[in-house]
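Novice: need a 3D model of the sequence below.
(one chain, ligands or ions: 1)
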Amino acid sequence: MNDEKLMSIAQQFGTPAFVFDEAELHARVAFLRENLPARATLCFAVKANPFAIPLIRPVVHRFEVCSPGELNICRAVGVAPEEIVLSGVYKDEATVRDLVERDVPIHRYTVESLTQFQLLYRLAKEYGHRLPLLLRVTTGTQFGMDQAVVRQIIAEHGADPTVEICGLQVFAGTQKKTARRTAKELAMADALIADLRESYGFEVREFEFGPGLPVEYFDDYDEAEERALLAEVSELLEGMAFQGPLTLEIGRSLVASCGSYITGVVDAKTNKGENYAIVDGGKHQMVYYGGGLVMRQPPCWQLGSRDLDAAAGNVENWNICGSLCTTNDFLAKEVPAVDLAVGDVIAFDRTGAYCMTEGISLFLSRDLPKVVYALANGSNKLVREGIPTDPLNTPRL
Ligand SMILES: Cc1ncc(COP(=O)(O)O)c(C=O)c1O
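Specialist: Numbers count the residues shown, from 1 in each chain. Down below sits the predicted model:
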């Protein structure tokens, strides 16, 4: 988003704020569609950015939901149960029971363990509702199940009408910068699918895969490089023996580029020869992947001075620090800025995925930032006020 637009949002709504750019989001989805297999449907992993749900809903097929909170958010913004893949390593009985009891037509439930299978099976039997399941296969983490457990479930229940085992799910990690691991994971899935057919006569009808597509946060974005990676991933997917319905679960890569974080300079000083700009936001509100913010420079700049050569004034380097009482609240090191002063606004780019929800938002009991949509029709809409967090940190005596 350009500086003028971000500045007008800062003036209209104040800082700190996250801004989500609808036009960029739609362009991004179109880019991924163009560069991924045409037969793949897209499932947005809600955890990446719940605020993107209403904006992305017209352009994706499904929403992957991993907690009761995410389910409530989907409900609140009108996502239909048929659009939801209920996933997550912890599925509490009360939430699942409520859905099954009311016969809510959730599109798919993923199964992450034998315990989860037993829970879903028991509820399906109790209420007489045939639940549609995807068995998640592990790649050696706490997520999903060993292939032996998948085989056991298929051997015992592959043809059992109590539940409908639709297929498999594989998600093995985020920020996969090469296709090497994807190749292994897809080969593993193909081999398992073949084995389930041969050993149990069980036909996997669907495959849901999280490719963990990467986002470049710290170096310049190279579109040709990204297209090359997507071409490799697509070739692997198209080359699978399994040619049935394919869903790609994606979070980061869909939404990272649509978000900007804007934070205002509230103090500026020089300590022992170093310039420090204190901003009204901080690390409690915005973290980049891996948290290596200072080690690697995030894409940030002083609004109005993106083109330093064209700017008239005194260019100096400034350390950008947030408003927490910790030296860790260091957002960026030595950012060149022109005549930096209190009231200026610093923008951080590519903050549309995870950055706003992975922060330590309760530290120091500061308010959460506002959230603003920059809509494709040119208007701006405040979709969340800057919520105080002190009630969450106050003991009730
Ligand atoms: C099961 C599952 N699917 C999809 C995703 C989205 O991953 P990414 O944001 O890398 O696309 C995650 C992220 O943790 C996940 O746990």
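
Novice: does the helix or strand harbouring Phe63 reach the ligand?
Specialist: Secondary structure from DSSP states H and E places Phe63 in strand 62-65. Yes - Strand 62-65 lies within reach of the ligand by C-beta under 6 Å from any ligand atom, at Glu64. Glycine gets a C-beta too; all of them are placed from N, C-alpha and C.

Novice: beyond that strand, next helix or strand please.
Specialist: That would be, after strand 62-65 and using DSSP H and E, helix 68-76.

Novice: and the next helix or strand past that following helix?
Specialist: strand 84-86.

Novice: on contacts alone, who are the packing partners of the helix or strand following that following strand?
Specialist: Downstream of strand 84-86, the next assigned helix or strand under DSSP H and E is helix 93-101. Packing partners of helix 93-101 (3 or more C-beta pairs under 8 Å, 6 or more residues apart in numbering; DSSP states H and E): helix 114-127.

Novice: what about the helix it packs on, average pLDDT?
Specialist: Average pLDDT, helix 114-127: 98.

Novice: for it, C-alpha coordinates in PDB please.
Specialist: What follows is helix 114-127, C-alpha atoms only, in PDB (Å, rounded to 0.1, in the frame of the first residue of the first chain):
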ATOM      1  CA  LEU A 114      -6.600 -42.500  18.000                       C
ATOM      2  CA  THR A 115      -8.100 -40.700  20.900                       C
ATOM      3  CA  GLN A 116      -9.600 -38.100  18.600                       C
ATOM      4  CA  PHE A 117     -10.900 -40.800  16.300                       C
ATOM      5  CA  GLN A 118     -12.500 -42.600  19.300                       C
ATOM      6  CA  LEU A 119     -14.200 -39.300  20.400                       C
ATOM      7  CA  LEU A 120     -15.600 -38.600  16.900                       C
ATOM      8  CA  TYR A 121     -16.600 -42.200  16.400                       C
ATOM      9  CA  ARG A 122     -18.400 -42.300  19.800                       C
ATOM     10  CA  LEU A 123     -20.300 -39.100  19.100                       C
ATOM     11  CA  ALA A 124     -21.200 -40.100  15.600                       C
ATOM     12  CA  LYS A 125     -22.600 -43.300  16.900                       C
ATOM     13  CA  GLU A 126     -24.400 -41.700  19.800                       C
ATOM     14  CA  TYR A 127     -26.200 -39.100  17.700                       C
END
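
Novice: report the angle between that helix and helix 93-101.
Specialist: Interaxial angle, helix 114-127 versus helix 93-101 (axes from the mean of the first three to the mean of the last three C-alpha atoms, to 10 degrees): 40 degrees.

Novice: what does helix 114-127 contact?
Specialist: 91, 93, 96-97, 100-101, 103, 109, 111, 129-131, 133, 135, 145, 149, 152-153, 157, 162-163 (C-beta atoms under 8 Å, 6 or more residues apart in numbering).

Novice: from Gln297, how far out is Ala353?
Specialist: According to C-beta to C-beta, to the nearest Å, Ala353 stands 19 Å off from Gln297.

Novice: more neighbours: those two, which one.
Specialist: Per other C-beta atoms under 10 Å, whichever of Ala353 and Gln297 has more neighbours is Ala353, with 28 against 15.

Novice: ok now stretch 199-207, how far from the chain's centre?
Specialist: In terms of C-alpha atoms, centre = their mean, to the nearest Å, the centre of stretch 199-207 is found 30 Å from the chain centre.

Novice: mind listing what the residue in the stretch 251-397 of the chain that the ligand sits nearest to touches?
Specialist: Closest approach between the stretch 251-397 of the chain and the ligand, counting by C-beta to the nearest ligand atom: Gly251, at 2.8 Å. With contact taken as C-beta under 8 Å, 6+ apart, Gly251 is in contact with Phe44, Ala45, Val46, Lys47, Ala48, Asn49, Glu64, Thr174, Ala353, Tyr354.

Novice: what does the model give it for pLDDT?
Specialist: 98.

Novice: count of residues packed around Phe44?
Specialist: 27.

Novice: so how many other residues sit close to the residue lying closest to it once chain neighbours are set aside?
Specialist: Residue nearest to Phe44 in three dimensions, not counting chain neighbours: Val60, with 4.7 Å by C-beta to C-beta, 6 or more residues apart in numbering. Residues near Val60, counting by other C-beta under 10 Å, number 20.

Novice: please apply the same query to the one 5 residues further on.
Specialist: Neighbouring residues of Val65 were enumerated by other C-beta under 10 Å; the total is 27.

Novice: bridging residues for it?
Specialist: Beta-bridge partners for Val65, by DSSP bridges, are Leu86.

Novice: wait, what's in contact with it?
Specialist: Val65 makes contact with Val46, Leu71, Cys74, Ile84, Val85, Leu86, Ser87, Gly88 under the criterion C-beta under 8 Å, 6+ apart.

Novice: look up phi and psi at the closest residue to the ligand within the stretch 101-250 of the chain.
Specialist: For the stretch 101-250 of the chain, the residue closest to the ligand is Thr174, as judged by C-beta to the nearest ligand atom, at 3.2 Å. Dihedral angles of Thr174 (phi, psi; degrees, to the nearest 10) stand at phi -100, psi 170.

Novice: ok, Glu223 next?
Specialist: phi -60, psi -40.

Novice: same question for the one 5 residues further on.
Specialist: Ala228 adopts backbone torsions of phi -70, psi -40, taken as degrees, to the nearest 10.

Novice: how about Ala353?
Specialist: phi -130, psi 130.

Novice: pretty sure it contacts Met286?
Specialist: No - contact criterion C-beta atoms under 8 Å: Ala353 and Met286 do not qualify, at 11.6 Å.

Novice: buried residues, the host helix or strand of Leu192. List them.
Specialist: Assigned by DSSP H and E, Leu192 falls within helix 180-200. Neighbour counts over helix 180-200 (16 or more other C-beta atoms under 10 Å) mark Thr182, Glu185, Leu186, Ala189, Asp190, Leu192, Ile193, Leu196 as buried.

Novice: please apply the same query to stretch 157-176.
Specialist: Judged by neighbour count (16+ other C-beta under 10 Å), stretch 157-176 contains these buried residues: 157-158, 163, 165-172, 174, 176.
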